[in-house]
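1. A predicted structure for the sequence below; I have some questions about it.
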Amino acid sequence: MQQTQTIDQIQTFDGKYPKQLWYLFFSEMWERFCFYGMRGMLTFFMVNHLFMEEKQANLQYGATQAFVYAFTFIGGLFADKILGFRKSLFWGGLLMITGSLILAYDPKEFFFLGLSFNIIGTGFFKPNISTMVGALYKEGDSRRDAGFSLFYSGINIGALLGGYACVAIGKGALLGSMVPEALRWNVAFGLAAVVMTISLITFVYTRSTLGPIGLSPFQTAEGKTEDGKQWYEYVVYIGALAAIPLIMMMVANTEYTDMFMYIIGPFSLLYLVYEMTRHSAAEAKKLAAALLFILFSVVFWAIFEQAGGSLSLFAANNLSDKMLGGALTLDPNGVNNAANSLFVILFAPLIGLLWVWMSGRKMEPNTVVKFGLGFLFLGIAFYAFYACRFFANEDGVASLDVFTIAYFIVTLGELCLSPIGLSIMTKLSPARLQGLMMGMWFLASAYGQYVAGLFGASIVSVATNPTPMDKLLSYTEGYKQFALYAIIAGVLLIVISPLVRKLMQEVK
Ligand code: GLN
């Protein structure tokens, strides 16, 4: 591959965003279409076409999500040490296309096989594209957070389109007259494969603009792999394929998922401590700060990810389909799935620009405070979910308006934490550990998903034959509890922020 620009030329760009950001934006947008398209189909397909019990389907859905994010840790690790970000991304994309094609061919017969390809593929793709965004910026460039905010919009455009289109095609609500009923799910899974191919093509055609960014540690600046080192790559490829039967077994048996989660977290922490001892004290301090952000983010996702679990049941059981005093009729589950992405798309660029504007006036809050604000918004949002009970009729049917406002506030919290989290991982990690730390950031999401399931299960009504009103009271009581946890975490972060900033040193 011909290299047109040096890293310095890439990082010295005019304007708000480097042009390469747009290419990564589109690759990631289509990848998230595929990912959220798949995610949106899983539980429905398991219950209605594989005839699983709802409880079982929920557990298996949780296991898949936890695995997807857990593998980003492994994907990040191999990218740092062997493949580099570009090859990891390419390999991950190929695996995702293969997985979606397998599902398109026969989703019932090869369900777990296709899923496992997707899990491992996402692991190689997701953390590494985020790390490459970070590499577009010089240390200390205040435009970095805004860049991640924009990138985050791309994520959510993909999530919104894929999340809606795939399941709607599968169920026949979209293209129902064009696709014969027996083939609807094949087409829906096939769409994910097509879109993932677009993602990969976008990447392949634009990667030469990345100069040396994302080359493997074994590649020379001209992109040639050192003699004798190709074998390391082949071992990673073969190892990834060999892991697939293992992943299939673990996703199909959720007790193995529990075991996996108990092992991978402590292992990753030990590994990080080992890496810290191999770096200078200043670098180790930054890694300690990164770890703190990672640990807090587990709490954030555990509450936030009620969206896929308890909030979707809440939407199904306790919400009216009327909005704005009856001017709009919308499916509450549709709102539950789409409101967050839509708000991210609308507000991420504005918030990104707000940070740039504030930074120009030396008023921009530092990252620790932004994280703290993220938790405070999350807390307020969950108080708003709690408040739904005050807008309910005697049948336990609450207001979709209040629910949507709560999602708006959740999104503000997410925007103070999630894109900033991506950005700060790239600021606090030394070059050799960029992939690993991004992987750990997503590993926190894996634990978040895992704990979210436990949290969700803990607030289910204990009444025998619960009425909608019983369910409303028990879920909203739980949301009040989660709101308090979020507020405590937010206040704690803001209080310890001077200490964390010391660990971060010059990083803002
Ligand atoms: N919604 C974001 C994405 O898909 C963040 C997910 C996460 O880190 N849990 O990238």
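-> Perfect, thanks for sending it. Numbers count the residues shown, from 1 in each chain.
2. where does the protein come near the ligand, residue by residue?
-> If contacts are counted using Cβ under 6 Å from any ligand atom, the residues of the chain sitting beside the ligand are 32, 155, 301, 418, 442, 445. C-beta here means a position set from N, CA and C on the backbone, and glycine is covered the same way.
3. tell me the two of these that are most distant?
-> Greatest spatial distance among these (Cβ to Cβ): 32 and 301, at 16.5 Å.
4. dump the residue contacts of residue 158.
-> For residue 158, the residues meeting the contact criterion (Cβ atoms under 8 Å, 6 or more residues apart in numbering) are 28-36.
5. out of those residues, who's nearest the ligand?
-> Nearest to the ligand among the contacts of residue 158, counting by Cβ to the nearest ligand atom, is residue 32 at 5.8 Å.
6. which non-adjacent residue is nearest that closest one?
-> residue 158 (3.3 Å; Cβ to Cβ, 6 or more residues apart in numbering).
7. Looking at the one you found now. What's its pLDDT?
-> pLDDT, the model's per-residue confidence, is 95 for residue 158.
8. distance between the helix or strand of the chain with the lowest mean pLDDT and the chain's centre?
-> Ranking every helix and strand in the chain by mean pLDDT, DSSP states H and E puts strand 322-323 at the bottom, with a mean of 82. Taking the mean of its C-alpha atoms, strand 322-323 sits 29 Å from the chain's own mean (Cα atoms, centre = their mean, to the nearest Å).
9. what are the ranges of the strands in this structure?
-> 322-323, 328-329 (DSSP state E).
10. In this protein, which residue sits nearest the ligand?
-> Checked against the ligand (Cβ to the nearest ligand atom), the nearest residue in the chain is residue 445, 3.5 Å away.
11. Contact partners for the nearest residue to that residue once chain neighbours are set aside?
-> Excluding the flanking residues, the one nearest residue 445 by Cβ to Cβ, 6+ apart is residue 69, at 4.3 Å. With contact set as Cβ under 8 Å, 6+ apart, residue 69 has these partners: 442-443, 445-446, 449.
12. so which one among these has the lowest pLDDT?
-> residue 449 (87).
13. Pipe the residues of the chain next to the ligand into JSON lines and attach neighbour count and distance to residue 61 per row.
-> What follows is the residues of the chain next to the ligand, written out as JSON lines (neighbours: other Cβ atoms under 10 Å; distance: Cβ to Cβ, whole Å):
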{"residue": "32", "neighbour count": "26", "distance to residue 61": "18"}
{"residue": "155", "neighbour count": "27", "distance to residue 61": "20"}
{"residue": "301", "neighbour count": "23", "distance to residue 61": "15"}
{"residue": "418", "neighbour count": "24", "distance to residue 61": "21"}
{"residue": "442", "neighbour count": "28", "distance to residue 61": "18"}
{"residue": "445", "neighbour count": "27", "distance to residue 61": "15"}
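14. that older thread, most tightly packed of the strands of the chain?
-> Of all these, strand 322-323 carries the top mean neighbour count, a mean of 17, counting by mean count of other Cβ atoms under 10 Å.
15. What helices and strands are in contact with that one?
-> Contact here means 3 or more Cβ pairs under 8 Å, 6 or more residues apart in numbering; DSSP states H and E; on that basis strand 322-323 packs against strand 328-329, helix 400-428.
16. worst average pLDDT in those?
-> For those, where the average pLDDT is lowest is strand 328-329, sitting at a mean of 84.
17. That one: partners in the sheet, and parallel or antiparallel?
-> On the basis of DSSP bridges, the sheet neighbours of strand 328-329 come out as strand 322-323 (antiparallel).
18. neighbouring contacts of the strand it pairs with?
-> 328-330, 335, 400-401, 404.
19. okay, the strands of the chain in a markdown table with distance to residue 481 next?
-> Below are the strands of the chain laid out as a markdown table (distance: least, Cβ to Cβ, whole Å):
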| stretch | distance to residue 481 |
| --- | --- |
| strand 322-323 | 27 |
| strand 328-329 | 31 |
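20. nearest to residue 378, of those strands?
-> Nearest to residue 378, of all the strands of the chain, is strand 322-323, at 23.0 Å by Cβ to Cβ.
21. now stretch 153-168: how far from the chain's centre is it?
-> For stretch 153-168, the distance from its own C-alpha centre to the chain's C-alpha centre is 13 Å (Cα atoms, centre = their mean).
22. was I right about residue 225 contacting residue 215?
-> No - counting by Cβ atoms under 8 Å, residue 215 is not a contact partner of residue 225; they are 9.4 Å apart.
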